[in-house]
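# Output the structure for:
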Amino acid sequence: APPVSIEFALDSHQTENVVNPELFGHDLEFTRHDLFEGLSAELVANRKFGLRSLQSPRQGDIVERWTAIGSPRLDAPYWTNVSGLVSGDVGNSIHCSTSSGTRCGVYQNQYDDGFNSLMSAGSAIPLKQDSTYKVRLVTRNEGKISAALSTPDGNLIWQTEVPSSTNGWANFEAQFVANVTTLNATLTIVGEGGQEWWLGSVSLTPVVNTWKGMRNDTIAALQKINFRGLMRYPGGCFAPFYRWKIGLLPADQRPVIETPSSYCAAVSGGVNAYTDGMMENGIGIDDYLALCEAVGYVPAITVRLQYATPEEVQEARDWVEYCNGNTSTVWGKVRASRGHPEPYNVRYWYLGNEINQQSRYPNYPKSFEKDAPPTTVEYTKMLQRLVHPMLAASPEFPIQLLTVSGGTRDWDAAWANAVGDHVFATSFHDGYFNEPSGPDFSEGAVTTCTMRPRDQLIQAVYGLREELNSTNKTIAISLDEWGLGPPWRVTNFGVAHGMYAAGFLSAVTRSAQALNIRFTNYFEPVNEGAVQVGPFSATLTPVGQVMELYGQHQGRQRVMLPNVSFSGPLDTLVTVGEGSLLVTMANLNAVGWATCSVSITLLGWDVTSSDIATTTLKAQGFSRSSLFDIEPDSTSVKGNAVHVDVPPLSVVHFSIAGRVH
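Numbers count the residues shown, from 1 in each chain. The predicted structure follows:
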């Protein structure tokens with residue numbers, strides 16, 4: 001199709017708000033592959049031998065992912081003395097007691113389709129030649145136990161003997177250098193007959209690529225995106241089941257947490273469907289806050305809330321005190337004893353997640369009984385019990401609380417009237433949109449997706465803004481979960497998903513001040529949109545590539561633009577700061593596959609360099625598998641005019657050096 005000509009003037013004197021970095025945030029939720037085969041550096045699946053309630057492992061397996069050698073049986077976990085920190089610990093230990101000449105133990109190799117961090121429960125142990133790995137076993141044995149890794153065809157990679165532990169449970173650690181690259185190593189842990197021994201947990205991590213139990217390459221990918229907003233933790237749907245105090249234990253002693261298969265079942269099997277319904281590699285509070293500091297995120301914590309029982313209220317209050325209390329407080333003293341005497345000063349706290357729509361499990365997995373979501377009246381009373389103890393736990397550093405928006409005027413009015421003076425913002429989850437159905441995408445269907453944020457989404461936020469304004473309280477909006485797919489159902493993140501992100505980030509940045517949108521958090525970056533993690537590397541998807549460009553506008557002043565610059569096929573964001581105009585233009589239209597030929601007249605701007613370095617994310621097409629080609633380019637300023645061609649379904653990003661006159 002012939003190019004679409006668009007002309008407009010850009011007046012650098014006409015500026016509005018500074019682009020709030022907190023508009024550029026993420027969710028870090030303990031679901032699916034956000035941790036295992038994602039952010040976590042652990043290579044062994046089900047490393048604490050969890051077995052979900054009422055579940056039988058596959059034939060030949062003693063628990064999921066582990067195959068029996070001889071006749072091992074399950075026994076109490078070695079962390080039994082702390083199992084009470086969760087409701088129904090489902091971890092176990094492996095127990096062998098055999099006669100002379102009989103081997104007993106377990107082994108793990110490929111499960112289903114192997115290492116697959118998308119919509120798959122597959123797992124495998126990948127090893128890279130010449131890389132160093134660390135093995136850690138917790139055992140209780142008086143005789144000889146051996147641990148070994150081998151290739152699929154039986155060639156030995158590494159082997160060692162585990163010394164006896166005559167005084168109960170003991171940690172054994174060893175390092176080795178892989179002599180081969182394989183995507184499917186077999187890990188075998190076995191003892192000779194005539195002895196009794198236990199295996200409590202297994203850990204295998206790459207030495208160079210591990211920091212505080214997390215993968216360095218995944219962290220580096222998040223750093224490359226360079227978002228400076230919130231990192232919401234630990235959910236999301238996982239939050240009602242997380243007991244934060246287990247994160248204070250050594251990693252191998254943290255009990256396995258099971259989640260119901262029918263709860264928040266975005267995929268079959270529930271929020272931890274791909275790890276057998278269990279979470280065992282959660283990131284503790286200290287390491288989470290270290291991650292926020294390393295990447296540049298603002299911490300934001302979701303407390304466990306289903307009923308606001310005295311236990312839940314106390315747990316939330318203790319969490320605030322641990323993060324923000326001085327060393328004279330009970331939990332501030334605990335924090336200091338762990339090496340952080342200064343308070344973390346976590347400002348933002350979410351009071352539950354989607355509580356208006358999710359069932360509640362008062363004692364899962366000890367009991368499978370569940371209750372309906374709370375009524376408007378019940379939720380209001382819950383907040384009344386919770387808000388003041390949390391505020392009181394941080395007297396020296398004021399915290400900001402975020403509620404759950406229920407989508408109805410009555411729901412929001414009820415809690416706002418009761419506790420609205422203490423609420424900073426409310427959480428809104430309408431940023432999702434379904435990707436086109438069918439085996440492939442059409443031009444029209446993709447365009448409907450990319451246009452949705454600035455049309456349907458912003459209109460929905462306008463509706464919520466009117467509801468909140470009617471309460472006569474000043475309450476901001478947090479768009480906590482967004483993405484095309486929805487992200488947990490996407491098998492291939494491509495151009496369409498990236499351009500949805502472009503439309504979203506541009507529309508929200510433009511509308512944030514008028515609608516009092518304070519936060520947005522993408523759900524979720526690791527393996528569900530922005531960062532794809534493989535066995536040996538982590539890379540940005542088209543969504544992550546788009547985020548990296550738009551994130552450069554954080555902290556700069558937004559320039560007002562005429563409607564023609566963000567209507568029709570084109571969506572433009574311009575900011576000024578640090579001696580430059582930063583311009584990001586997205587062509588959101590796939591129909592007709594037409595380029596936008598854009599002419600910009602610069603007003604009030606002295607250009608100091610006529611050469612403009614341009615980055616173009618150029619769409620290969622609009623199909624399900626289409627990606628961006630990243631094309632460095634250059635254009636020039638002639639007088640006060642700039643001409644840029646924006647290919648269909650693509651993003652062009654450039655900076656114009658100069659100063660306001």
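# quick one, helices of the stretch 351-500 of the chain?
When secondary structure is read from DSSP state H, counting those that start in this stretch, the stretch 351-500 of the chain shows helices at 376-392, 409-419, 443-451, 458-469, 495-515.
# Over to the chain?
Taking DSSP state H as the criterion, the chain carries its helices at 216-225, 285-295, 310-324, 330-337, 376-392, 409-419, 443-451, 458-469, 495-515, 542-550.
# Just send those back as TSV, with mean pLDDT and distance to residue 399 too.
Where C-beta positions appear, they are placed from N, C-alpha and C, glycine not excepted. What follows is these, written out as TSV (pLDDT from 0 to 100; distance: least, CB to CB, whole Å):
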stretch	mean pLDDT	distance to residue 399
helix 216-225	98	25
helix 285-295	98	15
helix 310-324	98	7
helix 330-337	98	14
helix 376-392	98	7
helix 409-419	96	14
helix 443-451	96	37
helix 458-469	95	20
helix 495-515	97	22
helix 542-550	98	28
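# CSV for those helices, including distance to residue 61 and mean neighbour count?
Below are these laid out as CSV (distance: least, CB to CB, whole Å; neighbours: other CB atoms under 10 Å):
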stretch, distance to residue 61, mean neighbour count
helix 216-225, 29, 20
helix 285-295, 31, 18
helix 310-324, 35, 20
helix 330-337, 39, 17
helix 376-392, 41, 18
helix 409-419, 46, 19
helix 443-451, 42, 21
helix 458-469, 47, 17
helix 495-515, 36, 24
helix 542-550, 36, 25
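# returning to that earlier point: want to throw the helices of the stretch 351-500 of the chain into CSV with distance to residue 658?
Shown next, in CSV, are those (distance: least, CB to CB, whole Å):
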stretch, distance to residue 658
helix 376-392, 47
helix 409-419, 46
helix 443-451, 31
helix 458-469, 32
helix 495-515, 22
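# Could you point out which of those sits nearest residue 97?
Closest approach to residue 97 among these (CB to CB): helix 376-392, 48.8 Å.
# which helices and strands sit right next to the closest one?
Helices and strands touching helix 376-392, as assessed by 3 or more CB pairs under 8 Å, 6 or more residues apart in numbering; DSSP states H and E, comprise helix 310-324, strand 400-404, helix 409-419.
# if you set the cut-off to 10 Å instead, what comes out?
Taking 3 or more CB pairs under 10 Å, 6 or more residues apart in numbering; DSSP states H and E as contact, the helices and strands that helix 376-392 lies on are helix 310-324, strand 348-350, strand 400-404, helix 409-419.
# Now do that helix against strand 400-404, angle only.
Orientation note: helix 376-392 sits at an angle of 160 degrees relative to strand 400-404 (axes from the mean of the first three to the mean of the last three CA atoms, to 10 degrees).
# so helix 376-392 versus helix 310-324, what angle?
Computed with the same axes, to 10 degrees, the direction of helix 376-392 lies at 40 degrees from that of helix 310-324.
# between helix 376-392 and helix 409-419, how big is the angle?
30 degrees.
# tell me how far helix 376-392 is from the chain's mean position?
For helix 376-392, the distance from its own C-alpha centre to the chain's C-alpha centre is 27 Å (CA atoms, centre = their mean, to the nearest Å).
# same check, this time on stretch 176-195
Centre to centre, stretch against its chain (CA atoms, centre = their mean), the figure for stretch 176-195 is 32 Å.
# re earlier: I'd like the helices and strands packed on helix 376-392 written out as TSV, with distance to residue 509 added.
Compiled in TSV, the helices and strands packed on helix 376-392 are given as follows (distance: least, CB to CB, whole Å):
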stretch	distance to residue 509
helix 310-324	30
strand 348-350	20
strand 400-404	20
helix 409-419	25
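# could I get the helices of the chain as CSV with distance to residue 651?
As requested, the helices of the chain are exported to CSV (distance: least, CB to CB, whole Å):
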stretch, distance to residue 651
helix 216-225, 15
helix 285-295, 23
helix 310-324, 38
helix 330-337, 43
helix 376-392, 41
helix 409-419, 36
helix 443-451, 11
helix 458-469, 20
helix 495-515, 6
helix 542-550, 6
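# how about those, which one is nearest residue 561?
Across those, residue 561 has its closest neighbour in helix 495-515 (8.4 Å, CB to CB).
# The closest one relative to helix 458-469, how many degrees between them?
Using the same axes, to 10 degrees, the interaxial angle of helix 495-515 with respect to helix 458-469 works out to 30 degrees.
# Helix 495-515 vs helix 542-550, what angle?
Calculated by the same axes, to 10 degrees, helix 495-515 forms an angle of 40 degrees with helix 542-550.
# Convert helix 495-515 to PDB, retaining C-alpha atoms only.
Extracted in PDB, the C-alpha atoms of helix 495-515 (Å, rounded to 0.1, in the frame of the first residue of the first chain):
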ATOM      1  CA  VAL A 495       5.500  -8.600  16.900                       C
ATOM      2  CA  ALA A 496       1.800  -8.400  17.800                       C
ATOM      3  CA  HIS A 497       2.700  -8.600  21.500                       C
ATOM      4  CA  GLY A 498       5.400  -6.100  21.200                       C
ATOM      5  CA  MET A 499       3.200  -3.600  19.400                       C
ATOM      6  CA  TYR A 500       0.500  -4.100  22.100                       C
ATOM      7  CA  ALA A 501       3.200  -3.100  24.600                       C
ATOM      8  CA  ALA A 502       4.000   0.000  22.500                       C
ATOM      9  CA  GLY A 503       0.400   1.000  22.300                       C
ATOM     10  CA  PHE A 504      -0.100   0.500  26.100                       C
ATOM     11  CA  LEU A 505       3.000   2.300  27.200                       C
ATOM     12  CA  SER A 506       2.400   5.300  25.000                       C
ATOM     13  CA  ALA A 507      -1.300   5.600  25.900                       C
ATOM     14  CA  VAL A 508      -0.700   5.200  29.600                       C
ATOM     15  CA  THR A 509       2.200   7.700  29.700                       C
ATOM     16  CA  ARG A 510       0.000  10.200  27.800                       C
ATOM     17  CA  SER A 511      -3.000   9.700  30.100                       C
ATOM     18  CA  ALA A 512      -1.400   9.200  33.500                       C
ATOM     19  CA  GLN A 513      -1.600  12.700  34.800                       C
ATOM     20  CA  ALA A 514      -5.300  13.300  33.800                       C
ATOM     21  CA  LEU A 515      -6.400   9.900  35.200                       C
END
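# No further queries at this time; thank you.
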